[in-house]
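S.K.: This is a predicted model, with the sequence first.
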Amino acid sequence: MEGIDMQKDAFGIIGYGKMGSSILKGTLKSALFDPSEVMVYDLDPSRRTEAAATGIKIVNSIEEMANCSQILVAVKPKDVPALAERLKAILSKGRTLVISIAAGIKISNLESRLGEGTRIIRVMPNIAAAVGEAASVYVANRNATKQDIAFASKLLNGIGVAYQLEDETLIDTVTGLSGSGPAYFFYIMRALDEVGRRSGLPAPLARSLVSQTCKGAGALAAASSEEFDRLIRFVASPGGTTEEALKIIDAKGVSSAIIDAATAAIEKAKRMNY
Ligand SMILES: NC(=O)c1ccc[n+]([C@@H]2O[C@H](COP(=O)([O-])OP(=O)(O)OC[C@H]3O[C@@H](n4cnc5c(N)ncnc54)[C@H](OP(=O)(O)O)[C@@H]3O)[C@@H](O)[C@H]2O)c1
């Protein structure tokens, strides 16, 4: 972002864990920010040291983020209440947009902890932010300005694809779908990788083939308007090898297991309340 004044326009990240670090890597990779424009705070000193290696500014307390124009809250949902108490004090000037990625923490919950007038954007991203391939949605509260929404859009589209939603309840659905989603694909990839290695492929080759196949299938689905059933049929010709595999996948109820699993994740997101 051009012309950012460190004192006035720094982007702060609180929590440099799996997601905070992924989002930072994605923003630096896509040159959304210069490292000098970002500051990070994490309770864990080793995480702060790790963040420092990227060239960004590390701070030793939340209070040092008082001049940030935007603060990304990237701590676990259970840690949000304690963090919010301290964050509230530095938001008093009303100049900071709070962007929360905490699963299950509703905007109304954040408003009651941070102050009803706080500008808030709630986001559900995913871990692929680190490589600029996140799938995110975001919902703005009534206080968020057009500039805040433009900032969130630029940030999230810089680390993948992002969609603005009006209905906050849909964030829980997205949490179980694309928030948790990379793990579902990694699960399938792990199984395929195992088959490849067991069947004689060198481990690096098996991993590369599985990863590229997942990436290729995703790219193809994103570029195509065909139904998934039809995409499956493009690969599974009658009497062929894929059809043989799909018979087992169907017989073992894999589709319903995935539907039940993602539904359970969505229900868990709905129940979360800290
Ligand atoms: N992981 C995902 O794939 C994913 C996807 C979508 C959304 N999210 C959301 O992203 C958020 C972060 O998840 P994560 O997986 O990145 O968690 P994580 O790896 O545990 O990272 C959170 C970091 O924040 C630190 N922390 C806790 N309280 C803090 C405080 N008051 N001030 C500063 N730092 C603090 C933690 O330190 P300690 O370990 O010392 O407590 C930890 O280093 C969660 O709310 C989650 O719902 C995660």
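M.R.: Perfect, thanks for sending it.

S.K.: ok, for residue 178, nearest residue in space, not its chain neighbours?
M.R.: Distances taken as Cβ to Cβ, 6 or more residues apart in numbering place residue 135 nearest to residue 178, at 4.2 Å, with adjacent residues excluded. C-beta coordinates here come from the backbone N, C-alpha and C atoms, glycine included.

S.K.: What count of nearby residues applies to the nearest residue to residue 237 once chain neighbours are set aside?
M.R.: In space, residue 237 comes closest to residue 243 once its chain neighbours are excluded; the distance is 7.1 Å by Cβ to Cβ, 6+ apart. Residue 243 has 14 neighbours, counted by other Cβ atoms under 10 Å.

S.K.: now could you export just the CA positions of the helix or strand harbouring residue 243 as PDB?
M.R.: Using DSSP states H and E, residue 243 maps to helix 241-251. Coordinates of each C-alpha in helix 241-251 appear next as PDB, following Å, rounded to 0.1, in the frame of the first residue of the first chain:
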ATOM      1  CA  THR A 241      -9.200 -47.300 -13.500                       C
ATOM      2  CA  THR A 242     -10.900 -44.300 -12.000                       C
ATOM      3  CA  GLU A 243     -14.300 -46.000 -12.100                       C
ATOM      4  CA  GLU A 244     -12.800 -48.900 -10.200                       C
ATOM      5  CA  ALA A 245     -11.600 -46.500  -7.500                       C
ATOM      6  CA  LEU A 246     -14.900 -44.700  -7.400                       C
ATOM      7  CA  LYS A 247     -16.800 -47.900  -6.800                       C
ATOM      8  CA  ILE A 248     -14.900 -48.300  -3.500                       C
ATOM      9  CA  ILE A 249     -15.200 -44.700  -2.600                       C
ATOM     10  CA  ASP A 250     -19.000 -44.900  -3.000                       C
ATOM     11  CA  ALA A 251     -19.300 -48.300  -1.300                       C
END
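
S.K.: tell me which residues in that helix are buried?
M.R.: Across helix 241-251, burial judged by 16 or more other Cβ atoms under 10 Å covers residue 246.

S.K.: And for whichever residue of the stretch 151-274 of the chain sits closest to the ligand, the neighbour number?
M.R.: The ligand sits closest to residue 179 of the stretch 151-274 of the chain, with a gap of 4.2 Å, by Cβ to the nearest ligand atom. Neighbour count for residue 179, taken as other Cβ under 10 Å: 27.

S.K.: quick one: the strands in the chain?
M.R.: 11-14, 38-41, 57-58, 70-73, 97-100, 119-124, 134-140, 160-164 (DSSP state E).

S.K.: got the residues of the stretch 51-200 of the chain near the ligand?
M.R.: 74-77, 79, 82-83, 101-103, 124-127, 179 (Cβ under 6 Å from any ligand atom).

S.K.: mind listing what residue 143 touches?
M.R.: Listed by Cβ atoms under 8 Å, 6 or more residues apart in numbering, the contact partners of residue 143 are 117, 118, 119, 120.
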